[in-house]
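# Predicted model follows, preceded by the sequence.
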Amino acid sequence: MSSAPRRRLLLPVVLIVLISLAVYVGSLSGGFTYDDHHAIVQNPHLREASNIPAFFHRPDMFSVDPNNAMYRPLLLTTFAWDHHWHGLNATWGWHLTSLFLHVLTAVVLFGVLRRLSEKGAGEFGWPFWGALLFAVHPIHSETVNYLSARSSLLATLCTLTAFYAYLRARSGGAPAVRRGWLVASAGAFVAGLLAKEIAIVFPAILLVYEGLLHGAAVRRAPRAAATRYVPFVFLGVLYLAWRKVVLGTATVAVDLGGQGDPFSGGGRGFLPNLFTQAEVFFLYLRLLVWPAGLSVDHAVPIVEHMTDPLAWTALVAIATAVGALIFWRHRRPLFVFGMIWFGVALAPTSLIPLNVVANEHRLYLPTVGLLIAAIGLSARSDFGVRRRFELLPRPAATVLGSLVVAVLGVQTMRRTEDWRNELRLWERAVATDAGSFRAQLNFGNTLAQRGDFDAALEHYEAALAIHPRYEPARLNVAESLLRLAEESGQPAGLDQAEAHLRHVIRRRPHDRLIPLKLARILQQRYELGASPDDAERERELLMAALAAAPQDVATLRSVAEHFEAHRDWSSAARYFQALRRLRPEATVFAYRAADLWIRAGEPELAIACLTRLVADQPFEAYAHRQLAELYLSLETPRPDLAARHTRFADQLLAAPNR
């Protein structure tokens, strides 16, 4: 391409960039939401850039919780980079990175659409409007504003870059140049795989592209086609094998037997999930065509019966569409290719039962296919098939396109406001779809974090009514009732809280946290003047929990504080000493144990406790001071030792920086 055409392309690119920035500038005021907390805020592995090499073989570093392990090292690398430069307070820097990736994706898409369109499309033809539509569409607001969805941003950017480079490699030129573009395409494909596993669809997209749009050339020169294509298959297989090594599974570890909770992915069988996703498919299409009712969580009912008429209608409609695409494959190959791109890009998240049935950010890569299909419909000539008329005259198309972009851009700006903080996000989700149990649950969590347990209880109970088998909601109801009783000083609600906890413990008998919560309820009853038997029941629960987890600090502390609350000073002191042995750096346990031994009338044991403390922590001035007082309080005082510890304490307190 000469320099003049390149200069002409500069203006549409600048417009795409500027309009994208104008629409999403509000995202820079956003914070961390939803999964960002365990994946970013609480994730200690992001705090050191030196961990970056480990991201490529340690999927457990994906989250603070190793059970949430995922293999997305490129995503973690960008997170570590943001943490290095911005920390956790300057969230605008994190969102600026995501916005930059989104703008870059729109620009690369513009290049792809120009490559696929006819040469006479012009600088402001359908490729420009397609890229601009992608940039401002509200369905992508989740992908841009939700930091954990950056994986979709990166995977789509890399997949588009790989496809663009592949198109350049096919367009001719010197052999060395073509090989260079193929290497660049393969490199972008690998980067996409390292960002998110959805990029694995790229070889399938290439296969469809070659078969539909260059079938004759492939048949004439199959070896050349194989030379271009096989390396991508090899890289995909290599990625799956490495993923199997480091993660333990090549795809996603789910139970397809249909056992358990259907709201979590492993509880849905293959067929129920397929029928459910058939309905989700049309939800996605509706949101793309009419993006009203956007939400971080959509309440999609799980299809549990294979006779569901709505699911069968959706499946028949999809099958009919597939048949139509087969019929049109020779007449409109580019349109068919784009529609197949849409389906192939959705397939992994549709066929594998994932925890969340529908997510808007899953449409980021599939949307590209619909835009390619639009190019196929709008082109004057579709790879040799001459169109008899144009859909709209160019001036009318420009006016209509400007109006559509303006309307969608305004809606995207409004949706971005919902992502400013957790409270607005979940409040909007509940207002959009009150039937979403996750929206009700997370809105309740947000309210509880703000101390509004009364309002939180309302949403926890709503979540439990929608999904009675979801135990975290039941636990949160019990916790809210307990907190309200503690705040009001009234026992109302404690019986209900206990009933919820006992319901959960029957299903999870080995959960050590539930007995601790039950013990808190019984302690609250005892303090409010209820039956004295509650104290004994509380003790039995705590001792059972301790027997199950004797090294658990939270359980030990609850036992110690139980005995302290019931004035059993000696028992309380012994358990605080056990805590001190488990956590030698926590000097507070030693001080509490010593204080309790003093209350129990055992100053010698208090002295022994503090002596062990100063042996480990010789600069504890307060411990020396307390030892001096204890030595003087003995039946046979020891003024010499008291004077010695007093001198130590005075020296420590007088020393600088002490």
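That came through fine. Numbering: from 1, shown residues only.
# going forward, measure contacts between C-alpha atoms and count neighbours the same way
OK.
# Pretty sure L167 sits in a helix.
Yes: using DSSP: H, G, I helix; E, B strand; the rest coil, the assignment for L167 is a helix.
# Could you point out the helix or strand that follows the helix or strand bottoming out on mean pLDDT in the chain?
Least confident helix or strand of the chain, by mean pLDDT, DSSP states H and E, is strand 385-386 with a mean of 40. Sequence-wise, the next helix or strand downstream of strand 385-386 (DSSP states H and E) is helix 394-418.
# what packs against that next one?
helix 3-24, helix 126-136, helix 141-145, helix 422-432 (3 or more Cα pairs under 8 Å, 6 or more residues apart in numbering; DSSP states H and E).
# of those, which approaches T105 most closely?
When the helices and strands packed on helix 394-418 are compared by Cα to Cα, helix 126-136 sits nearest T105, at 8.4 Å.
# That closest one - what's its average pLDDT?
For helix 126-136, the mean per-residue pLDDT is 94.
# same deal with stretch 195-204?
97.
# Kindly check the end-to-end length of it for me.
Stretch 195-204 has an end-to-end distance of 18 Å (criterion: Cα to Cα, to the nearest Å).
# List the contacts of that stretch.
With Cα atoms under 8 Å, 6 or more residues apart in numbering as the contact definition, stretch 195-204 has outside contacts at 71-75, 151-152, 154-156, 159, 189, 192-193, 229, 232-233, 236, 344-345, 348.
# so how many other residues sit close to L653?
15 (other Cα atoms under 10 Å).
# no no, Y164
Y164 sits with 26 neighbouring residues when counted by other Cα under 10 Å.
# What about the contacts of stretch 195-204, which are in strands?
Members of these lying in strands (criterion: DSSP state E): none.
# Kindly export the host helix or strand of L641 (C-alpha atoms) in PDB.
Per DSSP H and E, L641 falls inside helix 639-654. Taking Å, rounded to 0.1, in the frame of the first residue of the first chain, the C-alpha atoms of helix 639-654 are listed here in PDB:
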ATOM      1  CA  PRO A 639      12.600  -7.800  94.800                       C
ATOM      2  CA  ASP A 640      15.900  -8.700  93.100                       C
ATOM      3  CA  LEU A 641      14.100 -10.100  90.000                       C
ATOM      4  CA  ALA A 642      11.600  -7.300  90.100                       C
ATOM      5  CA  ALA A 643      14.400  -4.700  90.100                       C
ATOM      6  CA  ARG A 644      16.100  -6.500  87.200                       C
ATOM      7  CA  HIS A 645      12.900  -6.500  85.000                       C
ATOM      8  CA  THR A 646      12.200  -2.900  86.000                       C
ATOM      9  CA  ARG A 647      15.600  -1.900  84.800                       C
ATOM     10  CA  PHE A 648      15.200  -3.700  81.500                       C
ATOM     11  CA  ALA A 649      11.800  -2.000  81.000                       C
ATOM     12  CA  ASP A 650      13.200   1.400  81.800                       C
ATOM     13  CA  GLN A 651      16.100   0.900  79.400                       C
ATOM     14  CA  LEU A 652      13.800  -0.300  76.600                       C
ATOM     15  CA  LEU A 653      11.400   2.600  77.100                       C
ATOM     16  CA  ALA A 654      14.300   5.200  77.200                       C
END
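# Against which helices or strands is it packed?
For helix 639-654, the elements it packs on are helix 621-633, judged by 3+ Cα pairs under 8 Å, 6+ apart.
# Buried ones in the helix it packs on, by neighbour count?
621-632 (16 or more other Cα atoms under 10 Å).
# Please export the alpha-carbon coordinates of that helix; PDB is fine.
Presented in PDB, the C-alpha positions along helix 621-633 are these (Å, rounded to 0.1, in the frame of the first residue of the first chain):
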ATOM      1  CA  ALA A 621       9.100  -3.600  77.600                       C
ATOM      2  CA  TYR A 622       5.500  -4.100  78.900                       C
ATOM      3  CA  ALA A 623       6.200  -7.800  79.600                       C
ATOM      4  CA  HIS A 624       9.200  -6.800  81.700                       C
ATOM      5  CA  ARG A 625       7.200  -4.200  83.600                       C
ATOM      6  CA  GLN A 626       4.400  -6.800  84.300                       C
ATOM      7  CA  LEU A 627       7.000  -9.400  85.400                       C
ATOM      8  CA  ALA A 628       8.400  -6.900  87.900                       C
ATOM      9  CA  GLU A 629       4.900  -6.300  89.400                       C
ATOM     10  CA  LEU A 630       4.200 -10.000  89.500                       C
ATOM     11  CA  TYR A 631       7.500 -10.800  91.300                       C
ATOM     12  CA  LEU A 632       6.600  -8.200  94.000                       C
ATOM     13  CA  SER A 633       3.100  -9.700  94.400                       C
END
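# Can you give the contact residues for that helix?
By Cα under 8 Å, 6+ apart, the surrounding residues in contact with helix 621-633 are 591, 603, 607, 610-611, 613-614, 637-639, 641-646, 648-650, 652-653.
# Any of those buried? List them.
Those of these that meet the buried threshold are 591, 603, 607, 610-611, 613-614, 641-643, 645-646, 648-649, 652, by 16+ other Cα under 10 Å.
# Which helix or strand contains R612?
helix 603-616.
# Contacts for that helix, please.
Contacts of helix 603-616 (Cα under 8 Å, 6+ apart): 577, 587, 590-591, 593-598, 620, 623-624, 627, 630-631, 633-634.
# Show me where the stretch 101-250 of the chain has its helices.
Along the stretch 101-250 of the chain, counting by DSSP state H, counting those that start in this stretch, helices occupy 126-136, 141-145, 150-170, 175-195, 202-213, 215-220, 222-247.
# For M70, give its distance to F232.
M70 sits 23 Å away from F232, going by Cα to Cα.
# Show me the shaky parts of the stretch 151-300 of the chain.
250-268 (pLDDT under 70).
# Kindly recompute the last result at 80.
Scanning the stretch 151-300 of the chain with the threshold set as pLDDT under 80 gives 172, 249-270.
# Which residue of this structure lies farthest from its centroid?
Ranked by distance from the centre of the chain (Cα atoms, centre = their mean), the top residue is T636, with 64.5 Å.
# Wasn't it part of a strand?
No: under three-state DSSP, T636 sits outside any strand and is assigned coil.
# Retrieve the pLDDT associated with it.
According to the prediction, T636 has pLDDT 86.
# what do you get for N657?
Looking at N657, its pLDDT stands at 52.
# Kindly report the same for P353.
Taking P353 on its own, its pLDDT is 83.
# Was I right to think it contacts F275?
No: using Cα atoms under 8 Å as the test, P353 is too far from F275 to be in contact (11.2 Å).
# ok, these two, which is more surrounded?
Neighbours were counted for P353 and for F275 using other Cα under 10 Å; P353 has more, 29 against 25.
# Helix, strand, or coil at the more buried one?
coil.
# try the one 4 residues further on
When classified by three-state DSSP, V357 comes out as coil.
# Which phi and psi values does it adopt?
Dihedral pair for V357: phi -70, psi -40, per degrees, to the nearest 10.
# Is it correct that it is in contact with Y284?
No: V357 sits out of contact with Y284 when judged by Cα under 8 Å, with a separation of 11.6 Å.
# out of those two, which sits in the more crowded spot?
Using other Cα under 10 Å as the criterion, V357 and Y284 rank with V357 on top: 22 against 19.
# Spatially, what comes nearest to that one if we skip its sequence neighbours?
V300 (6.9 Å; Cα to Cα, 6 or more residues apart in numbering).
# check contacts around the one you found.
By Cα under 8 Å, 6+ apart, V300 lies in contact with 276, 280, 357-358, 436.
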